[in-house]
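Novice: Task: produce atomic coordinates for the following.
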Amino acid sequence: MNKIAEKKYAIEKVLAEEGISYDSLLKTALEFYVPHPGIETEEKAAYYFRREYDYALSDPNVSLLIYSAVLLEREGKKGNLPDLSKESYEKDMTFIIADEVLGESLAEYIGGHKGKFEFVRFDKNKPGILKELGPFIDDIIGGLLGGISANMYSRAGFEKEYECK
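Specialist: Residues are numbered from 1 along each chain as shown. Below you'll find the predicted structure:
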C-alpha cells in the first residue's frame, strides 16, 4: 500500500468510527444531483463523486482539517472545549462560528469559491447524514461535500467540452 492510500484509509477509518461511511456521503451528495453537461445521469455523478472524493482525500491537509473537526466534536461531547460550555456546544449556539469557518475553509480549499457556494447549500439544507451529525462534524462534512460537488460538476463539464472537439 502506498503512502497516499495509507493516509486516505486512515481518515476514512476515522470517519467510519464517527458513523460516516463513503456510501452515506455519496447518498447525501446525490440528494442535490441535477443533470449537467458531462453528468447526465446519477451513475455518472457517482463516478465523478468517487473520483473527486479520492483526489480530495489524497491531500493530507484535507484529512487534517477533517480530523480537527472530529477531535472538536469528540471533546465537545465530553464538555472539554476551552471557553465553551457543554450546553452551548450541544445547542450549537449561533455565537460559535468556528465550525462554519472550518467547513467554509475546507470547501474553498477543495473547490475554490464554487466549493464555498456549494458548502452553503449543504449547510442550509442539511441533506442526508448531515442532519444526524454534531455541530463541528456536520460543517466539515458539508465543506467536504461542497468542495467535491463543485469540482465534479466543473471537471465533468470541462472534460465533456474537450471530448466533443
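Novice: The helix or strand hosting Phe136: which residues count as buried?
Specialist: Assigned by DSSP states H and E, Phe136 belongs to helix 135-163. Across helix 135-163, burial judged by 16 or more other Cβ atoms under 10 Å covers 135-156. Glycine gets a C-beta too; all of them are placed from N, C-alpha and C.
Novice: swap in stretch 31-48?
Specialist: Those buried within stretch 31-48 under the rule 16+ other Cβ under 10 Å are 32-33, 36, 38-39, 44-46, 48.
Novice: May I have the distance across that stretch, first residue to last?
Specialist: 15 Å (Cα to Cα, to the nearest Å).
Novice: Please identify which two of the buried residues of stretch 31-48 are farthest apart in space.
Specialist: Farthest pair in the buried residues of stretch 31-48 (Cβ to Cβ) is Phe32 and Gly38. Separation: 16.1 Å.
Novice: so where do the helices sit in this structure?
Specialist: 3-17, 22-30, 42-57, 60-78, 86-91, 98-125, 135-163 (DSSP state H).
Novice: low-confidence ranges in the protein?
Specialist: Within the chain, the segments meeting pLDDT under 70 span 1-9, 160-165.
Novice: center of it - which residue?
Specialist: Residue closest to the mean C-alpha point of the chain, counted by Cα atoms, centre = their mean, is Leu144 at 1.9 Å.
Novice: list the contacts for the closest residue to that residue other than its chain neighbours?
Specialist: Closest residue to Leu144 apart from its sequence neighbours, by Cβ to Cβ, 6 or more residues apart in numbering: Leu106 at 6.0 Å. Leu106 makes contact with 62, 65-66, 119, 140, 143-144, 147 under the criterion Cβ atoms under 8 Å, 6 or more residues apart in numbering.
Novice: can you check Gly115 too?
Specialist: Gly115 touches 107-109, 143, 146-147, 149-151, counting by Cβ under 8 Å, 6+ apart.
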